[in-house]
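Peer 1: Starting from these lines, generate the structure:
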Amino acid sequence: MVDIPDSLRSLFTGTIEDRGDRYVIEVPASEVDHATLQSGETYRVAMLGQTGVESTTTSASPSTTESPTPTTRTPPVEEGETREVTIESLGDKGDGIAKVERGYVLIVPGARPGDEVTVEIEEVKENVAFAEPVKSDEPPV
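Peer 2: Numbering: from 1, shown residues only. The predicted model follows:
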């Protein structure tokens, strides 16, 4: 098992591109759009092989492009699934935002940063899912 530090800001799948005198890993625009990363900053990058957990760490500047490399992975959640999540931030419309595997975003109406909520996944899209808090039968403490 890989030990993931609390300072992890982003987790996504990318392809290394050979550009002659350098190699480039495209950072999905959504990672910058959600303020997870900032353009022009330097980050440590850990690369995990698809079949193993060996990693190589190097410094790299994130780059964004107008057309990020599409991934063939399916979303890590399914409609009807129940999850326990921690709300990390608020979206533009005031909804709570939580991230799960690979940095996949869950939008939870009515939740606030720091809330730990049980949610049911209502709608799943390629890069985001919408979830509703599950009502508890227990009275608040």
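
Peer 1: who's in contact with residue 120?
Peer 2: 80-82, 131-132, 134 (Cβ atoms under 8 Å, 6 or more residues apart in numbering). Heads up, the C-betas are built off the backbone N, CA and C, glycines and all.

Peer 1: Kindly apply the preceding question to residue 12 instead.
Peer 2: 27-28, 31, 71, 102-103.

Peer 1: same check, this time on residue 121
Peer 2: Listed by Cβ under 8 Å, 6+ apart, the contact partners of residue 121 are 77-83, 106, 129-131.

Peer 1: could you flag which of the contacts of residue 12 are buried?
Peer 2: Buried members of the contacts of residue 12, scored by 16 or more other Cβ atoms under 10 Å, are 27-28, 31, 103.

Peer 1: Return the distance of the longest strand seen in the chain from the chain's centre.
Peer 2: Assignment by DSSP state E gives strand 116-124 as the longest strand of the chain. In this view, strand 116-124 has its centroid 15 Å away from the chain centroid, taken as Cα atoms, centre = their mean, to the nearest Å.

Peer 1: Just checking: what are the partner strands of it?
Peer 2: According to DSSP bridges, strand 116-124 has the following sheet partners: strand 82-86 (antiparallel), strand 128-133 (antiparallel).

Peer 1: so of those strands, which one's packed in deepest?
Peer 2: strand 128-133 (a mean of 19; mean count of other Cβ atoms under 10 Å).

Peer 1: and that strand, how far from the chain's centre?
Peer 2: Centre-to-centre, strand 128-133 and its host chain are 14 Å apart (Cα atoms, centre = their mean).

Peer 1: Right, I'll call it a day here.
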